[in-house]
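> pasting a predicted model and its sequence here:
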Amino acid sequence: MSIQNNEIMIGLEIHIQLTNLKTKLFCSCSNDYRGTEPNTHVCPICIGLPGSLPVVNKKVIELAIRLALALDCKINNQFWFFRKNYFYPDLPKGFQISQYNKAGGKAFADGGKTTIRLNNHKKDIILNRIHLEEDPARLVHKGSIATSPFTLIDYNRSGVCLIEIVSEPVISSPEEAREFLKQLKSIVQYTGISNLELEGSVRVDANISIKGYDRSEVKNINSFKEVERALRHEIIRQKNILKRGKKLIQETRHWDDKRRITIPLRTKELEEDYRYFPEQDLVPIEINSDFIQKVKSELPEMPNERSVRFRKEYRLTEFDSYNLVLDKNFADFYEEGVKSDPSFDSEEYKLYCNWLMNDISRWLNNNNKIIQETKITPKHLVDLINAIKDGKITGKIAKSFIPDLMVGFNVKALIEKTGKRRISDKEYILKITKEVITDNLDIIRDFEKNPRALEALIGKCMKKTKGRLDPELTREILLELLSNKIKKYKKS
Amino acid sequence: MEKKEIISREKIEHLARLALIDLSEEEKVNISKQLNNILDYFQKLNELDTSNIKPTRHVIDGLKNVFREDIPGKSLTQEEALKNAREKQDGFFKAPRIIKE
């Protein structure tokens, strides 16, 4: 049996901690619990002691409005919280204060969408709703959850404000899911509600089904990176079960990121089993339209708007601008750089983008850093591009400077320090090219048939001089030498 | 009005499962009887016509938007937090394993 991508349906529930808050959702314990001793950021409210009463953090409403607006959702002007009842050690009260969009209840906001780009086509990922709820505690297992003899509980995370974004099951591949999350991460960064670089600030549950069969829900996917991996695994697992002629059952599974498999967690409790009912310890919340308008007017430029502007202002391609604006820090770096040199025009705008998206991104990935953690400044990159333009260094030399630029050296100092300059001395280039030709007669024989032979020879010359030869001159001289050689060869 | 069983035996077992409690045969029978009596009594409310009454969202009618500012306050110490815990380890609350074999 072969299953096409359009037969796969994935819906994501993305829980994002509002890490830019100072306090939790219902109590004034500090939100900044990372790296702290267990159970030191807790109070009677967030460990659920009898008689304690929750009070809503006002800032939460503003941050949630920002996200709702950025995702094009319809904000509900009046809502109230519900209790979602179930027993699990991470839930000290035996219920989670959440929202419910049935039984007279409403989500914080309904609908919404975000547009993704994948392989040159666009797709709207439609959202169902976003709502607010409290984060459960952090559970610590000895080894894997499946084998740990007991569970340790740290309530520091308990009560931190989560915003849950529920997509419709319109995602049809792990790649689409990845792009959607990239886009969402970007929007969250621009709205300034959360820093998703922080560990554990994101948790994803994924509903995955093959059309016509029961779905499974995979929980505990603890980073955006893991989502694609977990989805791939789960789709293959489901396909294999069908291939063997077995039946898929509706179930909840747990993503074991150590073993990189999903394991059955518990039989899915039916929705009514949560026995949702309105939380009487909290009064309803009403948001007036003026406040929404005020928040709207203060929203910064969002990535999609910025991408359109970049195309216009810096004449970047759609692909380049889309990718460049995803990370706000990157896009800020870009703008500061290209604006700092009035001589910059289309060509430099494009070059600056390429350096950022290629060599610098690669260095950041390899070193697992974000750009602010490095010492490169927007001006350093301007200098690098100008040094190539002015013929001081070659592109190859520039590439070799990147690691030093990232740790704070400037281009001028690097040219002095390394002695790497572009060599335009024709005599010297002639000498090098002749040597290379003598050493690579096999490539020369190829030259007439294979135009790439020339590139290979240029590469050899560059290698010999650590990339310092003027590439255009080298090409000219090589071509001349080679055509002479071929003429001679043909005569004889 | 005929007295009918509102809570079935299956329902009792289901509720016990959700509440994570074990009930003996005798308890199941007793609790079932008691719950049915209670719920039967509440049926009286159905005699009232509530079609024109707005559902009560909250018992304090009209109160809304009770907020607190986003300013950190004092938390408990670890020692205070763990004071009532039956089992603890290294500053954590300790609970049984989650997944059944």
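That came in fine, so what should we check first?
> tell me the contacts of A:Thr19?
Residues in contact with A:Thr19 (C-beta atoms under 8 Å, 6 or more residues apart in numbering or on different chains) are A:31, A:194-196, A:198, A:201. C-betas here are computed from N, CA, C, even on glycine.
> drop anything exposed from those.
A:31, A:194, A:196, A:201 (16 or more other C-beta atoms under 10 Å in any protein chain shown).
> among those residues, pick out the one closest to A:Arg259, please.
Set against A:Arg259, the nearest of the buried ones among the contacts of A:Thr19 by C-beta to C-beta is A:Ser201 (23.7 Å).
> pLDDT value on the closest one, please?
At A:Ser201, the model reports a pLDDT of 94.
> can you count the residues close to the nearest residue to it once chain neighbours are set aside?
Spatial nearest neighbour of A:Ser201, excluding adjacent residues (C-beta to C-beta, 6 or more residues apart in numbering or on different chains): A:Gln17 at 4.6 Å. Per other C-beta atoms under 10 Å in any protein chain shown, the neighbour tally for A:Gln17 reads 23.
> next, A:Gln17: phi, psi?
phi -80, psi 140 (degrees, to the nearest 10).
> now do A:Gly337
According to degrees, to the nearest 10, A:Gly337 has phi -60, psi -60.
> let me have the buried ones among the contacts of A:Thr19 in a markdown table, extended by distance to A:Asp341.
Compiled in a markdown table, the buried ones among the contacts of A:Thr19 are given as follows (distance: C-beta to C-beta, whole Å):
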| residue | distance to A:Asp341 |
| --- | --- |
| A:Asn31 | 41 |
| A:Ser194 | 34 |
| A:Leu196 | 32 |
| A:Ser201 | 37 |
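> just those residues now: which is nearest chain B?
Nearest to chain B among the buried ones among the contacts of A:Thr19: A:Asn31, at 7.9 Å, using C-beta to the nearest C-beta.
> ok, now which ones touch the spatially most central residue of chain B?
With distances taken as C-alpha atoms, centre = their mean, B:Ala19 lies nearest the centre of chain B, 8.4 Å away. By C-beta under 8 Å, 6+ apart, the residues touching B:Ala19 are A:Phe87.
> is the longest strand anywhere in chain B up against chain A anywhere?
For chain B, the strand that runs over the most residues, judged by DSSP state E, is strand B:92-96. Yes - remark: strand B:92-96 sits within contact range of chain A at B:92-96, by C-beta under 8 Å from any C-beta of the partner chain.
> buried ones among those residues?
Here, 16+ other C-beta under 10 Å leaves B:92-95 buried among the residues of strand B:92-96 next to chain A.
> how about the residues you listed in TSV, adding pLDDT?
Formatted as TSV, these follow (pLDDT from 0 to 100):
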residue	pLDDT
B:Phe92	96
B:Phe93	96
B:Lys94	95
B:Ala95	91
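> could you look up the SS state of whichever residue of the stretch 351-492 of chain A sits closest to chain B?
As assessed by C-beta to the nearest C-beta, chain B sits closest to A:Gln372 within the stretch 351-492 of chain A, at 24.7 Å. Secondary structure, DSSP: H, G, I helix; E, B strand; the rest coil: A:Gln372 is helix.
> on the pLDDT front, check the nearest residue to it once chain neighbours are set aside for me.
Spatial nearest neighbour of A:Gln372, excluding adjacent residues (C-beta to C-beta, 6+ apart): A:Asn329 at 5.8 Å. pLDDT, A:Asn329: 91.
> what's the answer for the one 3 residues further on, then?
According to the predicted model, the pLDDT of A:Asp332 comes to 95.
> then A:Thr465?
Predicted confidence (pLDDT) for A:Thr465: 79.
> most widely separated two among the buried ones among the contacts of A:Thr19?
A:Asn31 and A:Leu196 (14.6 Å).
> once you drop chain neighbours, what's closest to B:Gln89?
Closest to B:Gln89 by C-beta to C-beta, 6+ apart is A:Leu152, at 6.2 Å.
> same check on B:Pro55?
Once flanking residues are discounted, B:Pro55 sits nearest to A:Gly104: 6.0 Å by C-beta to C-beta, 6+ apart.
> cool, A:Gln250 as well?
Distance criterion C-beta to C-beta, 6+ apart; nearest residue to A:Gln250, sequence neighbours excluded, is A:Asp214 at 4.1 Å.
> how many neighbours does the residue nearest to A:Pro149 when sequence neighbours are not counted have?
Distances taken as C-beta to C-beta, 6+ apart place B:Arg97 nearest to A:Pro149, at 5.9 Å, with adjacent residues excluded. Number of residues near B:Arg97 (other C-beta under 10 Å) recorded here: 16.
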